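[1] next comes the sequence, and after it the predicted model I'd like to discuss.
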Amino acid sequence: MMLKQKRLLVANLIAPLLITLVFGTTSSAQTPKTGRNGRRPPTPAARRAVVLTTDCGADMDDQWTLAQLALAPELELRGVVTTHAPSLAAPAADTAARVSKEVFDHLPLKTRPPIIAGSSVPLTDKTRALDNRGVQFLLEQSRIHSPARRLAVLVTGAATDVASALLIEPHFADRVEIIAMGFEGWPVGDDPWNVKNDVRAWQVLLESRAPITVGDAAVTKRDLLIGRRQAHELFAEHGLPGRYLADLHTAWLDKEAELCQKVTGSPDTWPVWDQVTVAYLLGLTRGKIYPRPALRDDMRFTHPARTEATKRKAATITWITAIQSDALWKHFKQVMSNKK
Ligand SMILES: [Ca+2]
């Protein structure tokens with residue numbers, strides 16, 4: 001059987017458990033309100049608490065993600081935990097922390113969320129945590145949360161520190177919601193970067209009871225492509241901070257022309273992958289809920305039989321199928337005028 005046919009068959013077998021959902025965690029992202037920039041800032045209590053875990057500096061998308069998270073009035077970025085990636089200079093998490101700080105240096109922020117370096121290496125064993133200040137920060141931040149009011153933990157790099165938090169304190173799973181950019185696509189799994197950089201960590205995540213939402217390479221490549229000119233147009237009115245963000249995109253295109261051509265079919269476009277996590281938090285994605293798969297060492301999914309899935313009602317995964325990119329870019333433009 002051709003691989004394509006095989007995949008189609010698997011897709012049919014693993015039909016979504018529930019109907020397509022429209023997520024709307026923050027109504028202010030979708031409903032125009034009065035006030036500056038046409039928006040009314042939400043009260044502090046209404047803001048969604050978020051911790052970003054990131055391999056900032058490995059690509060250019062983490063920087064855009066971090067900027068939008070830090071400036072969005074709907075969100076309260078509690079802190080940033082940095083992680084490893086093979087292209088970051090050793091110690092990788094310290095390099096990612098330095099690049100994250102550079103992003104804050106360029107933004108009109110009144111207060112800066114803390115940046116903490118997490119693990120610079122992947123797990124060596126899926127039963128053994130790698131404890132560090134980043135893991136402890138994740139655990140501390142989660143403690144005031146509950147199943148009814150979960151801390152959003154974004155995974156936009158290797159999941160090492162999130163996995164270590166789960167291994168050290170299994171109740172972490174009851175206080176957080178994990179939103180990740182990763183995997184090639186559903187239902188195969190596979191991955192070129194974030195999951196690949198710590199497969200064991202992802203096995204820990206999928207074996208936990210924490211709710212998980214994934215934005216994969218397929219949907220981000222389709223919906224979050226940004227062209228050379230579009231990046232500059234987006235931030236044209238936003239002075240030095242806007243120029244800084246647009247130049248990050250341009251520098252990536254200039255440095256990685258061959259890769260851009262290979263991934264997108266053009267040397268002048270690149271997907272801002274990790275921003276799918278922000279889109280989700282702003283209620284700008286749609287997704288499907290499936291029975292949660294297991295992850296093999298070769299990064300392929302093993303899907304549970306339907307009967308088993310029915311028995312384990314809680315074991316699901318939410319897979320993002322569409323991103324409202326126009327609304328996401330509009331929001332990004334608007335918040336660049338904010339001082340937060
Ligand atoms: Ca990343």
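    Perfect, thanks for sending it.

[2] only C-alpha atoms for contact and neighbour calcs from this point on.
    Will do.

[3] residues contacting the one residue in the stretch 201-340 of the chain that gets nearest to the ion?
    Using C-alpha to the ion, the single residue of the stretch 201-340 of the chain nearest to the ion is Asp274, 5.9 Å away. Shown in contact with Asp274 (C-alpha atoms under 8 Å, 6 or more residues apart in numbering): Asp61, Asp62, Thr65, Thr156, Met181.

[4] burial measure for the closest residue to Gly227 other than its chain neighbours, as a count.
    Residue nearest to Gly227 in three dimensions, not counting chain neighbours: Thr269, with 4.3 Å by C-alpha to C-alpha, 6 or more residues apart in numbering. For Thr269, the neighbour count with other C-alpha atoms under 10 Å is 24.

[5] and this structure, which residues reach the ion?
    Contact residues, the chain versus the ion (C-alpha under 5 Å from the ion): Asp55, Asp62, Thr156, Gly157.

[6] what about the second one, how many residues nearby?
    Spelled out, it's Asp62. 26.

[7] that one: which element?
    helix 61-71 (DSSP states H and E).

[8] quick one: the strands in the stretch 1-150 of the chain, in order.
    In the stretch 1-150 of the chain, the strands defined using DSSP state E, counting those that start in this stretch lie at 21-22, 48-54, 75-82, 115-117.

[9] in PDB, could you pull the C-alpha coordinates for stretch 158-174?
    Only the C-alpha atoms of stretch 158-174 are listed here, as PDB (Å, rounded to 0.1, in the frame of the first residue of the first chain):
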ATOM      1  CA  ALA A 158      12.000  21.200  23.400                       C
ATOM      2  CA  ALA A 159       9.500  20.100  26.100                       C
ATOM      3  CA  THR A 160      12.300  19.000  28.600                       C
ATOM      4  CA  ASP A 161      11.400  21.300  31.500                       C
ATOM      5  CA  VAL A 162       7.700  20.800  31.200                       C
ATOM      6  CA  ALA A 163       8.300  17.000  31.300                       C
ATOM      7  CA  SER A 164      10.600  17.400  34.300                       C
ATOM      8  CA  ALA A 165       7.900  19.400  36.100                       C
ATOM      9  CA  LEU A 166       5.400  16.600  35.500                       C
ATOM     10  CA  LEU A 167       7.900  14.000  36.700                       C
ATOM     11  CA  ILE A 168       8.700  15.900  39.900                       C
ATOM     12  CA  GLU A 169       5.100  16.800  40.700                       C
ATOM     13  CA  PRO A 170       2.400  14.800  38.900                       C
ATOM     14  CA  HIS A 171      -0.300  17.200  40.200                       C
ATOM     15  CA  PHE A 172       1.300  19.800  37.900                       C
ATOM     16  CA  ALA A 173      -0.900  18.100  35.300                       C
ATOM     17  CA  ASP A 174      -4.000  19.200  37.100                       C
END
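
[10] Arg112: neighbour count?
    16.

[11] so Pro241 sits in a helix?
    Yes: the assignment for Pro241 is a helix, going by DSSP: H, G, I helix; E, B strand; the rest coil.

[12] contact partners for it?
    His106, Leu107, Pro108, Met336.

[13] if we go to 6 Å?
    Residues in contact with Pro241 (C-alpha atoms under 6 Å, 6 or more residues apart in numbering) are His106, Leu107.

[14] and it, what pLDDT?
    We have a pLDDT of 93 for Pro241.

[15] follow-up on the earlier one: could I get the pLDDT score of the residue of the stretch 201-340 of the chain closest to the ion?
    pLDDT, Asp274: 98.

[16] quick check: it is in a helix.
    Yes: the assignment for Asp274 by three-state DSSP puts it in a helix.

[17] let me know the angle separating the helix holding Asp62 from strand 48-54.
    160 degrees (axes from the mean of the first three to the mean of the last three C-alpha atoms, to 10 degrees).

[18] which residues are contacting helix 61-71?
    Cys56, Leu77, Val272, Asp274, Gln275, Phe332, Val335, Lys340.

[19] flag every buried residue along it.
    Of the residues in helix 61-71, Asp61, Asp62, Gln63, Trp64, Thr65, Leu66, Ala67, Gln68, Leu69, Ala70, Leu71 count as buried by neighbour count, 16 or more other C-alpha atoms under 10 Å.
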